[in-house]
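Student: sequence first, then the predicted structure:
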Amino acid sequence: MEEIQLTIPRKVSYLYLATTLSKQVCQQIKECRDKKKFASDIELCVSEACTNAIKYARSVDKDDVISIYFQIYSNKIIIKVQDRGSGFNLDDLPDPDIERIPERGYGLYIIRSKVDKVQYSRTERGNFLTMIKYFMEKKKVMNGGTG
Amino acid sequence: MKLKVTRKDGILIITPQDKRIDASVATDFKSKLIDFLENGDKVIVINLSAVDFIDSSGLGALVLILRKIGTDGRIKLCKLNESVRSIFELTRLDEVFEIHKSVEGAIESLKSD
């Protein structure tokens, strides 16, 4: 596993840094067949996850930071977005009711749609939103092929 | 956020110049669009041809304006690139907004409504 980490101030002006890095990281994955689509999906999810961490983490520390970890495995990428705020409950955030045309609530819905698995945990080190997306099926890795 | 603003046949055409509409510009985008509404512009085309990335913050800004216009006016979107259009489809907002391929198509549609 290879890991790349970025820590940014908890400000929306640094979003571009996080999303740009996410695209660059995805471009480095040789085994990924459709890098453009994969990178585009990850860029969107990183933007949504970081925005949630920046806007809704409700930290009292204005000098707070958020960290983004990109962990690249042989068949998947795991992205963890860490904040030090009070956190939220993933189950309290249902998908938007499109019939009511809400202004908010699309972020987590987009993440859930674009990645294979989403987890949220609160630890002593902070809150972690974890997103897992496969770029290759498990059986192909076990056969030793790159597809 | 930079906006190019033109008028044709009484219709306001707003073209965001930024390539990205995310949380870093969404508040400013919303504020500028609300200013147009408060100044009486309620028939609007938003040309997204320069935008290659939009996330939920950008979608939220557009939904807010749509709701604020309500039944008093009309708003149409046009010239979405493939990536931006896919986000509208994913969130089903392509069923909420009327989306046209060209500025001219959006204008003609507004005239014939």
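Tutor: Good, I have the coordinates.

Student: contacts, neighbours, all on C-alpha from now
Tutor: Will do.

Student: the residue nearest to residue A:66 when sequence neighbours are not counted and residue A:11, how far apart?
Tutor: Distances taken as Cα to Cα, 6 or more residues apart in numbering or on different chains place residue A:83 nearest to residue A:66, at 4.8 Å, with adjacent residues excluded. From residue A:83 over to residue A:11 the distance is 12 Å, taken as Cα to Cα, to the nearest Å.

Student: was I right to think residue A:82 contacts residue A:123?
Tutor: No. Counting by Cα atoms under 8 Å, residue A:82 does not reach residue A:123; the two are 10.0 Å apart.

Student: pick out whichever of the two has more residues nearby.
Tutor: Ranked by neighbour count (other Cα atoms under 10 Å in any protein chain shown), residue A:82 and residue A:123 place residue A:82 first, with 24 against 9.

Student: and the contacts of the helix or strand where the more buried one lies?
Tutor: Assessed by DSSP states H and E, residue A:82 sits inside strand A:76-83. The contact list for strand A:76-83 (Cα atoms under 8 Å, 6 or more residues apart in numbering or on different chains) reads A:49-50, A:53-54, A:57, A:65-72, A:126-136.

Student: buried subset of those residues, written for ChimeraX?
Tutor: Here is the ChimeraX command that selects the buried residues among these (16 or more other Cα atoms under 10 Å in any protein chain shown):
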select /A:49,50,53,54,57,65,66,67,68,69,70,71,72,127,128,129,130,131,132,133,134,135,136
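
Student: helices - which of the contacts of strand A:76-83 land there?
Tutor: The helices, defined by DSSP state H, take in A:49-50, A:53-54 from the contacts of strand A:76-83.

Student: any chance you could list what contacts the longest helix seen in chain B?
Tutor: What stands out as the longest helix in chain B, according to DSSP H, is helix B:23-38. With contact meaning Cα under 8 Å, 6+ apart, helix B:23-38 is reached by A:12-13, A:15, A:51, B:1, B:42, B:57-58, B:61-62, B:64-65, B:69.

Student: got CSV for the residues you listed, with pLDDT too?
Tutor: Supplementary listing: the contacts of helix B:23-38 in CSV, determined by pLDDT from 0 to 100:
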residue, pLDDT
A:12, 94
A:13, 95
A:15, 96
A:51, 94
B:1, 93
B:42, 92
B:57, 96
B:58, 97
B:61, 96
B:62, 97
B:64, 95
B:65, 95
B:69, 92
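
Student: among the residues you listed, which pair sits farthest apart?
Tutor: A:15 and B:42 (32.0 Å; Cα to Cα).

Student: now for the residue nearest to the spatial centre of chain B, which secondary structure element holds it?
Tutor: When Cα atoms, centre = their mean is applied to chain B, the residue found nearest the centroid is residue B:46 (3.4 Å). If you go by DSSP H and E, residue B:46 is part of strand B:43-47.

Student: tell me the mean pLDDT for that strand?
Tutor: Averaging pLDDT along strand B:43-47 yields 97.

Student: cool, stretch B:8-21 as well?
Tutor: Mean per-residue pLDDT for stretch B:8-21: 96.

Student: tell me the buried residues in stretch A:36-52?
Tutor: Residues A:38-52 are the ones in stretch A:36-52 that count as buried (16+ other Cα under 10 Å).

Student: same question for stretch B:44-62.
Tutor: B:44-49, B:51-62.

Student: these also near chain A: which ones?
Tutor: Restricting the buried residues of stretch B:44-62 to those near chain A by Cα under 8 Å from any Cα of the partner chain leaves B:55-57, B:59-61.

Student: need the max-distance pair from the residues you listed.
Tutor: The distance between the two most remote of these (Cα to Cα) is 10.2 Å, for B:55 and B:61.

Student: where along chain A do the helices fall?
Tutor: Ranges of helices within chain A are A:15-27, A:35-56, A:106-114, A:138-142, based on DSSP H.

Student: how near is the residue nearest to the centre of chain B to chain A?
Tutor: According to Cα to the nearest Cα, to the nearest Å, residue B:46 stands 18 Å off from chain A.

Student: most centrally placed residue in chain A?
Tutor: The residue lying closest to the centre of chain A (Cα atoms, centre = their mean) is residue A:46, at 4.2 Å.
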